[in-house]
Every structure is written in structure tokens, then in C-alpha cells.
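Asks: Below is the sequence, then the predicted model.
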Amino acid sequence: MARDRESRQPGTVAALILAAGESRRMGSPKPLLPLGDTSFLAGLLQQFLASRARPVLVVLGHQAERIRKEVSLEKAVVVVNAEYRRGMLSSIRAGLRGLESEPVSGALFCPVDHPCVSAAVVDLLISRFEETRSPIIVPVHGGQRGHPVLFASSLFQEIREAPDSVGARQVVWDHADQVLEIPIEDPGIITDIDTPEQYQRLIGS
């Protein structure tokens, strides 16, 4: 990991995989749900590591030790959010703390319940960010916004200070005229799995 960090140049875009929640509606930890020959978290991690995003951080919380045992996380930077019960914004804040010593120009935020995000989409968002320097880049499929969302590092402090009840959406709203929407053909960006019924439809499709 040290060699990897030394080889990166300032201006890279990090990735935060947010996998700290309690998965209450699902009834079991979403990071560990099987998907093909892998799991939600392992599959997402594989895609982000295959992309240009660096470093790749995984934010754990609920059942963190179990997840560490069942998913190989050696190639990621692992951050444990002790305040995960406060919601997703607490995990984003924990992830941003993990980036404080990293010379990144932005970060992609991806909840683990969006398990179908691909490396190709990640690289496209990074490329558009490098081309435009738009402070917020959002993928869109069929008129619906999805994940991951890319925020420039200039907005990190605003994200930290956002209200818990709204989270990073507040920053998106505050900068609505600066949001760049990128049309994406891949429906994986809007595949959001929160319930057993949604999961069954996913694995049965």
C-alpha cells in the first residue's frame, strides 16, 4: 500500500464504498449478500480496484469484524465508522477523515446497496471530472440519478457540515446549478437493493 500511495500523483480521485449500515430492511448485512460468484461488497471492491479511482476506501460499521473476516479487503483502505447508527453521512465523514492525508482532487461516493456499478462507469465519471472540473458529477439513467456521485475536494468541508437528516444531498441542492449529469446506458447505476424483494428480483433477473 505504501508503494501504491507513493506512485500516485496529486489530483487523483478517490472512491468511498459505504458499507457501514445496519441493513435493517434487508434483515442481513448487505455487504455480504451473494451476487453471482461474489458478494455485494467484494464485487464492488473488485470494480473500483479495476478502475482509475485511488485510493479505494471501504467504510465499515455494523458487523465490521464479521465483514473483515468474510471479504478480502487487503487492497483497500479500511475505515471503521463507530457512529454508523447516525446514518450514511457519518460514514461519509469517516471516509473523508481517511482521506485527509491524501492529495486527491475529488471522491466518488458509492453505497454498498448499489452493487452493479462498473469500473467503466467509474472511469467515465473520472474522465468527465478531469475534462470539466465540475464540482459535482452525477450519473443518470432513464432520467433517474444514480451512483456513484463524484464530489470535488473543494466541497468536502461542506459535506462534513451538512445536516445529518439530509446528508450530502444538501450540498447537491446548494450547488444545483453546478451539477453535471452524465447520461449512462448501464442501469447498474440506479440498481438500489434495500429489501429482500428487491434482492430476489436482482438475483432472479
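Replies: On my side now, so go ahead.
Asks: helix, strand or coil for the spatially most central residue of the chain?
Replies: Most central in the chain under C-alpha atoms, centre = their mean is C110, positioned 1.9 Å from the mean C-alpha point. Three-state call for C110 (DSSP: H, G, I helix; E, B strand; the rest coil): strand.
Asks: just Q47 next, same as before
Replies: helix.
Asks: Please report how far it lies from V79.
Replies: Distance of Q47 to V79, given as C-beta to C-beta, to the nearest Å: 19 Å. Where you see a C-beta, it was placed from the backbone N, CA and C, and this is true even at glycine.
Asks: Compare these two and say which one has the larger neighbour count.
Replies: Using other C-beta atoms under 10 Å as the criterion, Q47 and V79 rank with Q47 on top: 23 against 20.
Asks: Next one: the more buried one relative to M26, how far apart?
Replies: 21 Å.
Asks: buried stuff in the lengthiest helix in the chain?
Replies: Ordering each helix of the chain by length in residues (DSSP state H) puts helix 119-132 first. Residues of helix 119-132 classed as buried: 121-122, 124-126, 128-129 (neighbour count, 16 or more other C-beta atoms under 10 Å).
Asks: pLDDT weak spots in the protein?
Replies: 1-10, 205 (pLDDT under 70).
Asks: can you give me the strands in it?
Replies: Using DSSP state E, the strands of the chain run over 12-19, 34-35, 38-39, 56-60, 77-80, 104-111, 136-141, 144-145, 149-152, 179-183.
Asks: Any chance you could list what contacts the third one?
Replies: Applying C-beta atoms under 8 Å, 6 or more residues apart in numbering, the external contacts of strand 38-39 come out as 31-33, 46, 70-71.
Asks: got it, and stretch 196-205?
Replies: By C-beta under 8 Å, 6+ apart, the surrounding residues in contact with stretch 196-205 are 26-27, 33-35, 115-116, 191-193.
Asks: For it, buried residues please.
Replies: Result for stretch 196-205 [16+ other C-beta under 10 Å]: buried residues 199, 202.
Asks: Then stretch 155-168?
Replies: 155-156, 159, 162, 167-168.
Asks: can you tell me which of those are in helices?
Replies: 156, 159.
Asks: what's the closest of the buried residues of stretch 155-168 to V138?
Replies: A168 (11.1 Å; C-beta to C-beta).
Asks: quick one, what contacts the residue nearest to V77 when sequence neighbours are not counted?
Replies: Among residues not flanking V77 along the chain, L57 sits closest, at 4.6 Å (C-beta to C-beta, 6 or more residues apart in numbering). Neighbouring residues of L57 by C-beta under 8 Å, 6+ apart: 14-17, 76-79, 95, 98-99.
Asks: mind running it again at 7 Å?
Replies: L57 makes contact with 14-17, 76-77, 79, 95, 98, according to C-beta atoms under 7 Å, 6 or more residues apart in numbering.
Asks: Would you mark the buried spots in stretch 100-120?
Replies: Neighbour-count burial for stretch 100-120, with 16+ other C-beta under 10 Å as criterion, is recorded at 102, 104-118.
Asks: from the chain's centre, how far out does it sit?
Replies: Averaging C-alpha positions (C-alpha atoms, centre = their mean, to the nearest Å) puts stretch 100-120 4 Å from its chain's average.
Asks: Fine by me, thanks again.
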